[in-house]
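Undergrad: coords below, sequence missing:
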């Protein structure tokens, strides 16, 4: 989990997408996240985290529903929501933060 803290220590918004490969809605977000990454460029970061490979982090953040999306900026959680979103919604949310 110490690496997770390092990922937060940046001055641009970081969108974390928590997923599993076997959960269709969460793995279905991958193309949307690629579109978001392309649109925001270096004004933000997108990081996908497989909770099957990171169960301690998922537990610490109380990830119960997939997909769960969390945006951090300057080490603080700014937004958290579960469910599927379209690219335009996420791009707008990243721009607000």
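TA: Good, I have the coordinates. Treat the numbers as computed from the prediction; the structure is a model and nothing was measured.
Undergrad: Residue 65 is in contact with residue 81, correct?
TA: No. Counting by C-beta atoms under 8 Å, residue 81 stays clear of residue 65, with 9.7 Å between them. (Glycine included, C-beta is placed from N, CA and C.)
Undergrad: residues shared between the contacts of these two?
TA: Listed as contacting both residue 81 and residue 65 by C-beta atoms under 8 Å, 6 or more residues apart in numbering is no residue at all.
Undergrad: where does the protein dip in pLDDT?
TA: 1-2 (pLDDT under 70).
Undergrad: Can you show me the helices along it?
TA: Along the chain, the segments classed as helices by DSSP state H run 2-8, 24-27, 30-40, 55-60, 87-96.
Undergrad: tell me the centre residue of this structure?
TA: The C-alpha lying nearest the average C-alpha coordinate of the chain belongs to residue 16 (C-alpha atoms, centre = their mean; 1.7 Å).
Undergrad: Please name the nearest non-neighbouring residue to that one.
TA: In this structure, residue 16 finds its nearest non-sequential neighbour in residue 70, 4.7 Å apart by C-beta to C-beta, 6 or more residues apart in numbering.
Undergrad: partner residues bridging the one you found?
TA: In this entry, residue 70 is beta-bridged to residue 16, residue 80, by DSSP bridges.
Undergrad: Go ahead and confirm it touches residue 62.
TA: No. Using C-beta under 8 Å, residue 70 makes no contact with residue 62, being 10.8 Å away.
Undergrad: ok, the two, which is more surrounded?
TA: Counted by other C-beta atoms under 10 Å, residue 70 and residue 62 do not tie: residue 70 has more neighbours, with 19 against 8.
Undergrad: Contact partners for the closest residue to residue 36 other than its chain neighbours?
TA: The shortest distance from residue 36 to any non-neighbouring residue, by C-beta to C-beta, 6+ apart, is to residue 90 (4.8 Å). With contacts defined as C-beta under 8 Å, 6+ apart, residue 90 is in contact with 15, 32-33, 36, 69.
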